[in-house]
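Peer 1: Just to be clear, the model below is a prediction. Sequence and coordinates:
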6 protein chains.
Amino acid sequence: MLERNIETFIGCDASYEDADIVIFGAPFDSTTSYRPGTRFGSRAIRHESYGLETYSPYQDKDLTDCSTFDSGDIELSMGSSEMALSQISERTRTILEGGKLPFMVGGEHLVTLGAFREVAAKYPDLHVIHFDAHTDLRDEYLGVQLSHACVIRRCHDIVGDGRIHQFGIRSGDRPEFVWAAQGHTEMHKFNLDGLKETVNALGSTPVYFTIDLDVLDPSIFPGTGTPEAGGIGFMDLINAIILVGGNCNVVGCDVNELSPSYDPSGVSTAVACKVVRELILSLNK
Amino acid sequence: MLERNIETFIGCDASYEDADIVIFGAPFDSTTSYRPGTRFGSRAIRHESYGLETYSPYQDKDLTDCSTFDSGDIELSMGSSEMALSQISERTRTILEGGKLPFMVGGEHLVTLGAFREVAAKYPDLHVIHFDAHTDLRDEYLGVQLSHACVIRRCHDIVGDGRIHQFGIRSGDRPEFVWAAQGHTEMHKFNLDGLKETVNALGSTPVYFTIDLDVLDPSIFPGTGTPEAGGIGFMDLINAIILVGGNCNVVGCDVNELSPSYDPSGVSTAVACKVVRELILSLNK
Amino acid sequence: MLERNIETFIGCDASYEDADIVIFGAPFDSTTSYRPGTRFGSRAIRHESYGLETYSPYQDKDLTDCSTFDSGDIELSMGSSEMALSQISERTRTILEGGKLPFMVGGEHLVTLGAFREVAAKYPDLHVIHFDAHTDLRDEYLGVQLSHACVIRRCHDIVGDGRIHQFGIRSGDRPEFVWAAQGHTEMHKFNLDGLKETVNALGSTPVYFTIDLDVLDPSIFPGTGTPEAGGIGFMDLINAIILVGGNCNVVGCDVNELSPSYDPSGVSTAVACKVVRELILSLNK
Amino acid sequence: MLERNIETFIGCDASYEDADIVIFGAPFDSTTSYRPGTRFGSRAIRHESYGLETYSPYQDKDLTDCSTFDSGDIELSMGSSEMALSQISERTRTILEGGKLPFMVGGEHLVTLGAFREVAAKYPDLHVIHFDAHTDLRDEYLGVQLSHACVIRRCHDIVGDGRIHQFGIRSGDRPEFVWAAQGHTEMHKFNLDGLKETVNALGSTPVYFTIDLDVLDPSIFPGTGTPEAGGIGFMDLINAIILVGGNCNVVGCDVNELSPSYDPSGVSTAVACKVVRELILSLNK
Amino acid sequence: MLERNIETFIGCDASYEDADIVIFGAPFDSTTSYRPGTRFGSRAIRHESYGLETYSPYQDKDLTDCSTFDSGDIELSMGSSEMALSQISERTRTILEGGKLPFMVGGEHLVTLGAFREVAAKYPDLHVIHFDAHTDLRDEYLGVQLSHACVIRRCHDIVGDGRIHQFGIRSGDRPEFVWAAQGHTEMHKFNLDGLKETVNALGSTPVYFTIDLDVLDPSIFPGTGTPEAGGIGFMDLINAIILVGGNCNVVGCDVNELSPSYDPSGVSTAVACKVVRELILSLNK
Amino acid sequence: MLERNIETFIGCDASYEDADIVIFGAPFDSTTSYRPGTRFGSRAIRHESYGLETYSPYQDKDLTDCSTFDSGDIELSMGSSEMALSQISERTRTILEGGKLPFMVGGEHLVTLGAFREVAAKYPDLHVIHFDAHTDLRDEYLGVQLSHACVIRRCHDIVGDGRIHQFGIRSGDRPEFVWAAQGHTEMHKFNLDGLKETVNALGSTPVYFTIDLDVLDPSIFPGTGTPEAGGIGFMDLINAIILVGGNCNVVGCDVNELSPSYDPSGVSTAVACKVVRELILSLNK
């Protein structure tokens, strides 16, 4: 007898009961103002992961030694941000209630809000480590508050000053940089300098780790809606992931903003796959 | 002294006062469920129109003999359908109040609703001639009522039974076809058969003419979100435009669903440019 | 509790027990001499099928009324044609032994041989209806007998003269055309003329139906390894499928030669999805 | 001992002495006003021809039975139209002096002028059969007289009224159509109607046959600088080539305006290859 | 009342009277010998600039605080280099006569000559700072003197030895390197080493600053005609622009050789937009 | 009289007798498990080399001073690895018997085996310098031993322990890394550290130098089947080539795994062309 066709991120085939980490996709990009396409990100990462090895020579670990479950993509309501965020929150809540770590793959960055508000509800002292090229601190964008350009501001609405640690930021309007500098967030411009100190200071505090892949230089990650030259290198990101994943108390995380069709070479998707692999491995201590 | 850079659809450089027709772009695609990108349609049509001749050998008319004004694209609120539709309605109202014909270029098909509700408010006996591959008659789609898949149903909410004449329809779910067949719309499947009779029957009744370019066969128009093989030919469409534009009392119109980046050959955009040219020319009697 | 991610061709979610038809993918293209890429065909058809409606206005039937099971793609041994064909034969045998109809999605055309030899073993009086742009009748190609360019010749090795009915053929070398004309196959050049007569003559004889999608004109199906202008139209193919599927005793079938990456518009994949849908529906009487 | 790498159009490997027809490429596109790229046309046709069969089922002839020589591409002076045209004229003269038929592959349509003036010098009573979407009858374009948009006008400068027979024309500015209608050329709009009469009337008069491939509908030939929907079909063109090549006294010919990079599917190049094959075969009586 | 559609580089909306800097596009690529397409560069930069922030965190300056005017693209005579250069010279002269700084966006590098000869006429002691991968010092190329490959040699014809400072050069034929080493230009190979010394030495001498964007490594700037690996990094270029723009007496400048269609990711265009932004900002002291 | 069209890698036009180095292409990719397309690599390198200068400013050498012969691509039997390897071996043997250095351009990495076994037969004390992102040390892959994923293991079958020096390796499964660490190969992970020591130690020992271009970072070389971020830079590779080519006794070499169609910018092909140029120049002492 034959089995129905199953597709998961490579090496993520634990049973739901055994799994420590539960992956899900949030294929949403309705608020993207410039170039859409991140809705195809999670599917591309899952499908192309079969071109990846499960073994990482960077960490000398193997996905087959971890217990990860891939629950697939949520079918989101395109055109209604609030409905989509509710659907994401619901999936996150289910995973948290099961005592597992939610690992979301976007989609545009707004999807972070759907997961974050559930994780923050469970962990009131939650901090955020945020890798991104963009500030994402606007209070509204084109009249809309639930926008990818506002997502970290919305997270700040929930956790307040001093909880958000931003790295790699190199684009935004002037008022956003001013607002951050007023102490609302801890912003590290251009690169990851200061990450080690932040990680050390956080100790065992619960951390939500959100990676907007456009923090990478577009030379290695062109497949994103708003590429910003001057970004960090691939090994910078991998080392940072190992640092955060291996030393912080990460209780939720996401990887977002892959827009695969802008990169016909497939390199961006391959990079995103490796980021997901290394992040999973780093969380397995 | 030099002039600031102006870009309009080719040959559409009448003064606003003199213009009979006012073009505007509605670059919106937030509710697109399958493949986004129509937000780039109106800009592509404007920019690539400079590769077009202003003269049509089909109608032996020239755009330079017409009085058309291009008011550019509206900056729409991505992620909020209701705000975007309001912005479209406002532009349409301004044009109608100026006694001119609104000619909208999409964007996804949902944008029709923003223009249509203003035109219907001015012309209570308004009929719709609708060219499309898709029924667009769902009452909701993924829980959302303001969706591209529901736009003609929303128009029906306004004008009711017997007013909507659909042509070229070849895709939808079964309940949509059943609903149409119950007399809610006059649906002509697969092609344009019956158009001449419809045009004759309408006489001088005001008509809103909405062209979803995916009514065309994807061999000639691949650059659209949901291509449906088995469509009508280019000359079928041009002849139908000449028939409707030249014989009906068209009081508003739109051309939508070009998604230029799916067609790297540029043929789809060139086709859309010609459709816009022929439609403008047909309206100039 | 969450479920593992499952992906099937849209509407093909019967249980294995209930299923009449079992789909499987054969992602192989090692013998392709010109442009490879059909290995991505079956996956693309499955993934993009979610942009398709389950309802066909052509047949007024719906996939949700059928009982079809999608057993996914076989992991084939790239670089070894004989191993790959064995793996295909094994899957086919399992399906035939279960009393179900094998429905293969390629992959290059050589994969037909793996399925065909099992179906021919079960049905000794098997005939073949073959739609293709190419003769595929070479005895060897570049020194290789197991080649996409030889696949129908290999089928002829099994069933002999008078059993193979070819339609739409418009490319090959002269000796292939001469060989066919000697009575080895019944070849209909350029189009589908004579199909109705063949269908009538076959009556209830068991038929293997193999569709090389390059029989279509490349204007509507550019995404294939060796596009040949002058092909048949989409509606020609759909009507032919309804004719064969609805009137012949089809006991096995395949659809192959989609090479999705050659068509960035996605039209070819969308066409292939519709061909699969219409073929499934035609087989459900 | 090994041989140096030789690349010719498939099946065109006669010795220069034996050859009746001499192919050469004219990779020039400096005057292209809209989208450049035809400079890559001749190389693409040569390289991709190896995906073609030498046998034509349309004519039941084979390139290996003909005597054709491929002398490769001329290295042209980009940016200087007059120098490039001189270089083309020189190659043409060499071929004519050798008593062979010059068969040029473009490049943009301006290259025709370089070959045409040599052929017209040898055959004073030369007529032109011209397939094109565009009139190409402007006296100047953007201030330039040696432009692709003026090439047939320049040919008219040489041969005068009544010698140029245009088919398939569907784009130009109004004065060009008016000028043609004044009797300067015999223009057949939109399609090939009247070709048979023209061929019969020409009898044994020497004919230069110039095919701008954009006469084809862009559904089958998207890879060109200025695609114009509403064109002729592939079989229309093949049949017309067989008619002209088989019945006229063709003393020079060219095939131009393939811009391969606009069509990533490769269909346009494959079509151009077949056009070249069929034209060569039609000239071999 | 509605306004006609205006498109300018983002944040460049000063009145002509108030403007210090006047941007114009020179969409010309007729002499490009390898791969054309830079004619689309200036338009792409203008259109895609709306995806850019007006604020630079590198300089902590904002385009909205500057006075820049965008006079659009010149309509150039494709196929005639001398006519095109004259048209560029005319625009440059108008800007210089208005006491404003001409800021040209190419187009191929030859366009520099059109602007340069006007700036050199006004400033007889003009020096050139030239960033490029290529020497551009040939005296002729394929028999043509007005060629992109000769443009700096043509500038040298005007200003003579010791005035041209080249950086980043890594490709050319041997005689060009030898010629430069004979003291005709000050050539810095491979990178920007020595720029600070050059800037210091120039003091308040008038400088024409020409940036061929292919000086960048193709990993970050693939969208150019002749990509040369081994180039400088994005931050190298930005810092160099700040150094030159902020310390030299720049009296004219250009940014050229973006060929957007070679980079479907859009990264190259985004990089070019940032280069334009940073260069404008650096000139505003 | 005209000459037949010849195409060679630029500057490689020595007579066969005079040549020291003989280039040939091995366009094979049948065993590629992930994304095919390297079959187009050697042709692309040859055709695009005309965009390259023959002069290298890195080595201050010129191809026109070397004696290299380009014998073109072998026509290989797609779908049969053993036949293809035999054909490669035969070409290699011819070159070796002529006392010349075989310089192969792939194709997938498996082609190395065809050349290597001939070179190893001639030079029993042969060592291998292997640049690659991948271990290529599997004993079998998907049941196949003649696979690109096994090629260095197959070379090890011939030469045994201590002869293979691997650099840049960053992907493989765990058992491969373990096997290498057991002393079967000398593996340098992630970069080229230790190359100088290896080169010194090898002295005048005969060396086969195989470069899988995916050793490069995909930011500069995206056009390959399995891109692996975290690779070496272009200048790292060029310097390493100069080191190996200039100091080792290289008796055979290959450059492989360019898959040009994955990189529409052409940068990957341009990089590969430069690698070939620099490697040829480095071998000319």
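Peer 2: Happy to help now that I have it.

Peer 1: average pLDDT for stretch A:44-53?
Peer 2: If you average the pLDDT over stretch A:44-53, you get 96.

Peer 1: no, scratch that, I was asking about stretch A:205-216
Peer 2: According to the model, stretch A:205-216 has a mean pLDDT of 98.

Peer 1: Roughly how far does A:Tyr208 sit from A:Leu142?
Peer 2: A:Tyr208 is 27 Å from A:Leu142, where distance means Cβ to Cβ, to the nearest Å. Every C-beta, even on glycine, is put in place using the N, C-alpha and C of the backbone.

Peer 1: try A:His130
Peer 2: 22 Å.

Peer 1: What of A:Ser77?
Peer 2: Using Cβ to Cβ, one gets 20 Å for the distance from A:Ser77 to A:Leu142.

Peer 1: Could you check which of these two is surrounded by more residues?
Peer 2: Neighbour comparison, A:Ser77 and A:Leu142: the larger count goes to A:Ser77, with 23 against 18 (by other Cβ atoms under 10 Å in any protein chain shown).

Peer 1: in which helix or strand would I find that one?
Peer 2: Secondary structure from DSSP states H and E places A:Ser77 outside every helix and strand.

Peer 1: end to end, how far does stretch A:225-245 reach?
Peer 2: Between the opening and closing residues of stretch A:225-245 lies a distance of 26 Å (Cα to Cα, to the nearest Å).

Peer 1: check whether that stretch contacts chain E.
Peer 2: Yes - Stretch A:225-245 lies within reach of chain E by Cβ under 8 Å from any Cβ of the partner chain, at A:226-230.

Peer 1: How about the contacts made by the closest residue to chain E within the stretch 101-250 of chain A?
Peer 2: Residue nearest to chain E within the stretch 101-250 of chain A: A:Pro222 (3.6 Å; Cβ to the nearest Cβ). By Cβ atoms under 8 Å, 6 or more residues apart in numbering or on different chains, the contact list for A:Pro222 reads A:262-263, A:267-268, E:263, E:265-267.

Peer 1: Of the residues you listed, which is the most crowded?
Peer 2: The residue in the contacts of A:Pro222 with the most neighbours, by other Cβ under 10 Å, is A:Ser268 (32 neighbours).

Peer 1: one step back: can you narrow the contacts of A:Pro222 to ones near chain B?
Peer 2: Near chain B, by the rule Cβ under 8 Å from any Cβ, you find none of the contacts of A:Pro222.

Peer 1: Report the buried residues of stretch A:97-116.
Peer 2: A:98, A:100-116 (16 or more other Cβ atoms under 10 Å in any protein chain shown).

Peer 1: which among the residues of stretch A:225-245 next to chain E end up buried?
Peer 2: Buried members of the residues of stretch A:225-245 next to chain E, counted by 16+ other Cβ under 10 Å: A:226-230.

Peer 1: Would you reformat those as JSON lines and include pLDDT, secondary structure and distance to D:Ile88?
Peer 2: Below are these laid out as JSON lines (pLDDT from 0 to 100; DSSP: H, G, I helix; E, B strand; the rest coil; distance: Cβ to Cβ, whole Å):
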{"residue": "A:Thr226", "pLDDT": "97", "secondary structure": "coil", "distance to D:Ile88": "47"}
{"residue": "A:Pro227", "pLDDT": "98", "secondary structure": "coil", "distance to D:Ile88": "43"}
{"residue": "A:Glu228", "pLDDT": "98", "secondary structure": "coil", "distance to D:Ile88": "47"}
{"residue": "A:Ala229", "pLDDT": "98", "secondary structure": "coil", "distance to D:Ile88": "43"}
{"residue": "A:Gly230", "pLDDT": "98", "secondary structure": "coil", "distance to D:Ile88": "48"}
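
Peer 1: Great, nothing more from me.
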